[in-house]
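Student: From the sequence below, what's the structure:
(chains A and B)
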Protein chains: 2
Amino acid sequence: MDDRMAKQLAFALELDKEKNVFRQTHLSDHGRNENDAEHAWHMAIMAYLLKEYSNEPVDIAKVMIMCLIHDVVEIDAGDTYAYDPEGLATQKDREEAAKERIFSLLPDDQKKEFVALFEEFEAYETAESKFAHAMDNFQPLILNNSNDGGDWKEHGCDAATVYGRQSKTKLGSEKLYGITDKIIQENVKKGSLKQG
Amino acid sequence: MDDRMAKQLAFALELDKEKNVFRQTHLSDHGRNENDAEHAWHMAIMAYLLKEYSNEPVDIAKVMIMCLIHDVVEIDAGDTYAYDPEGLATQKDREEAAKERIFSLLPDDQKKEFVALFEEFEAYETAESKFAHAMDNFQPLILNNSNDGGDWKEHGCDAATVYGRQSKTKLGSEKLYGITDKIIQENVKKGSLKQG
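Tutor: Numbering: from 1, shown residues only, chains lettered A, B, ... in the order given. Purely as a prediction, here's the structure:
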């Protein structure tokens, strides 16, 4: 096996560890916690399925690969809950170190390519990044909603905090943000989410 | 919410069940069994990562979405182990019924599109299908190899049976089949796989 392929396969095997990074979101039917690999898989299919709702035309291959790799750094940095201020304060540094270590397993040209995709996602500027982020918000939202907002109840979340994150969905999809808003309001009414 | 979006979101939520369909393959570091969603996620990234090794040029978006949805029918039909003759005998009928039920959750145009992608994968004829199948073989192979062939040992597999399936990898990628052959031979030498 040549050096290039050895590096590619080392990276492929390293990715396997993402299946052991568990998130705060629970699977539907009040299931167990979801892991990062499952979340990314679900996001990528939803991106393909719902692409007609992107505000702008998107290169769907780019959106899918962004969705698939956007949490790779959590192999080292762990999952940071979207509504946890302490975790959020150190998230950037932890994830920078992880990005350098993990993508350095790749041949140089692919390291550049994957880092660029990862950074484009993080920057939230291109049409593809905005739509991929909409999926990153919307996928756990529909799971959580199917469980009567159980994840929000568990963390005592309030609507203002949830809107703070979820309102960015409208940058990628006004249409999906309409549904998001409706789901948040229903969960406030049901008492799963504190008015705030 | 209009009827079209309601159908799309019902399908998106149904997909969640694939995270509870467990396979015979174990995660690296002698981990737990892998589920279908994790397997599909890993395959789709590997397709993108290793696309230079496809025998023919491929539309990578198509390969990725094929990888992501290729096991959806197992929500109803369950996982059939690649080296289980009894399961394989009834697999087709179980999966046909599942395909009809699950994709019928979608709006008609998307039902047609997803069924066509699923059937193109199954037919093993196009460049995209052949390369996606190569990933379906190669992804569990590298996990199993990282665990010293533990999955083969558990099922008492012999090399001839494994070659029967894995040799089709060469239809999608001669280069990855070269590595496959090397891995099988090493596992025969180590005694993880019976000479057969």
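Student: mind checking the SS state of residue A:81?
Tutor: Per DSSP: H, G, I helix; E, B strand; the rest coil, the secondary structure class of residue A:81 is coil.
Student: which residue ranges form the strands in chain A?
Tutor: A:22-26, A:33-35 (DSSP state E).
Student: Just send those back as JSON lines, with distance to chain B and mean pLDDT too.
Tutor: C-betas here are computed from N, CA, C, even on glycine. Listed next are these as JSON lines, based on distance: least, CB to the nearest CB, whole Å; pLDDT from 0 to 100:
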{"stretch": "strand A:22-26", "distance to chain B": "10", "mean pLDDT": "96"}
{"stretch": "strand A:33-35", "distance to chain B": "7", "mean pLDDT": "98"}
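Student: Take those strands and write them to CSV, including mean neighbour count and distance to residue B:119.
Tutor: Output for these, formatted as CSV (neighbours: other CB atoms under 10 Å in any protein chain shown; distance: least, CB to CB, whole Å):
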stretch, mean neighbour count, distance to residue B:119
strand A:22-26, 19, 32
strand A:33-35, 21, 29
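Student: With respect to residue B:134, which of these lies nearest?
Tutor: Comparison of the strands of chain A against residue B:134 by CB to CB identifies strand A:33-35 as nearest, at 25.3 Å.
Student: Which elements pack onto that closest one?
Tutor: Counting by 3 or more CB pairs under 8 Å, 6 or more residues apart in numbering or on different chains; DSSP states H and E, the packing neighbours recorded for strand A:33-35 are strand A:22-26.
Student: partners of the strand it packs on, with directions?
Tutor: Based on DSSP bridges, the strands next to strand A:22-26 in the sheet, each with its direction, are strand A:33-35 (antiparallel).
Student: ok now the partner strand, how far from the chain's centre?
Tutor: In this view, strand A:33-35 has its centroid 12 Å away from the chain centroid, taken as CA atoms, centre = their mean, to the nearest Å.
Student: contact partners of that strand?
Tutor: Around strand A:33-35, the neighbours that count as contacts under CB atoms under 8 Å, 6 or more residues apart in numbering or on different chains are A:18-27, A:140, A:143, B:19, B:38.
Student: just stretch A:168-188 next, same as before
Tutor: Contacting residues not belonging to stretch A:168-188 are listed as A:50, A:53-55, A:124, A:127, A:130-135, A:137-138, A:141-142, A:145, A:148-149, A:152, A:159, A:162-163, A:166-167, A:193-195, B:1, B:5, B:9 [CB under 8 Å, 6+ apart].
Student: Please name the residues that touch residue A:80.
Tutor: The neighbours of residue A:80, taking CB under 8 Å, 6+ apart as the test, are A:74, A:87-88, A:91.
Student: swap the cut-off to 7 Å and go again
Tutor: Counting by CB atoms under 7 Å, 6 or more residues apart in numbering or on different chains, residue A:80 touches A:87-88, A:91.
Student: just residue A:101 next, same as before
Tutor: For residue A:101, the contacting residues are residue A:76, by CB under 7 Å, 6+ apart.
Student: Can you tell me how far it is from residue A:95?
Tutor: With distances defined as CB to CB, to the nearest Å, the gap from residue A:101 to residue A:95 amounts to 11 Å.
Student: thinking again about what came up before, the contacts of strand A:33-35: which two are farthest apart?
Tutor: When CB to CB is used, the two most widely separated members of those are A:20 and A:143, lying 19.2 Å apart.
Student: Compare those two and say which is more crowded by neighbours.
Tutor: More neighbours surround residue A:143 than the other of residue A:20 and residue A:143, with 24 against 16 (other CB atoms under 10 Å in any protein chain shown).
Student: thought the more buried one was touching residue A:29?
Tutor: No - when contacts are counted by CB atoms under 7 Å, residue A:143 is not listed as touching residue A:29 (10.0 Å).
Student: per-residue pLDDT, the most centrally placed residue in chain A?
Tutor: Taking CA atoms, centre = their mean as the criterion, residue A:136 is the residue nearest the geometric centre of chain A, at 3.6 Å. According to the per-residue confidence, residue A:136 scores 98 in pLDDT.
Student: Up against chain B, what does chain A have?
Tutor: Contact residues, chain A versus chain B (CB under 7 Å from any CB of the partner chain): A:1, A:8-9, A:11-13, A:15-16, A:19, A:27-28, A:37-38, A:40-42, A:44-46, A:48-50, A:60-61, A:64-65, A:68-69, A:142-143, A:146, A:179.
Student: before we move on, back to that, any chance of the strands of chain A in TSV with distance to residue B:120 as columns?
Tutor: Shown next, in TSV, are the strands of chain A (distance: least, CB to CB, whole Å):
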stretch	distance to residue B:120
strand A:22-26	32
strand A:33-35	29
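Student: for residue A:136, what are its contacts?
Tutor: Residues in contact with residue A:136, defined by CB under 7 Å, 6+ apart, are A:43, A:70.
Student: give me that answer again for 10 Å
Tutor: Residues in contact with residue A:136, defined by CB atoms under 10 Å, 6 or more residues apart in numbering or on different chains, are A:39-40, A:43, A:47, A:66-67, A:70-71, A:82, A:121, A:165, A:168-169, A:172.
Student: In this structure residue A:155 contacts residue A:85, no?
Tutor: No - here residue A:155 does not reach residue A:85: they are 11.6 Å apart, not a contact under CB atoms under 10 Å.
Student: Who has more neighbours out of those two?
Tutor: Taking neighbours as other CB under 10 Å, residue A:155 and residue A:85 compare with residue A:155 leading, 14 against 8.
Student: measure that one to chain B for me?
Tutor: Here the criterion is CB to the nearest CB, to the nearest Å. By it, residue A:155 lies 21 Å from chain B.
Student: Next one: that residue, what pLDDT does it get?
Tutor: Taken from the predicted model, the pLDDT recorded for residue A:155 is 92.
Student: for it, what are its contacts?
Tutor: With CB under 10 Å, 6+ apart as the criterion, the residues that contact residue A:155 are A:24, A:81-84, A:161.
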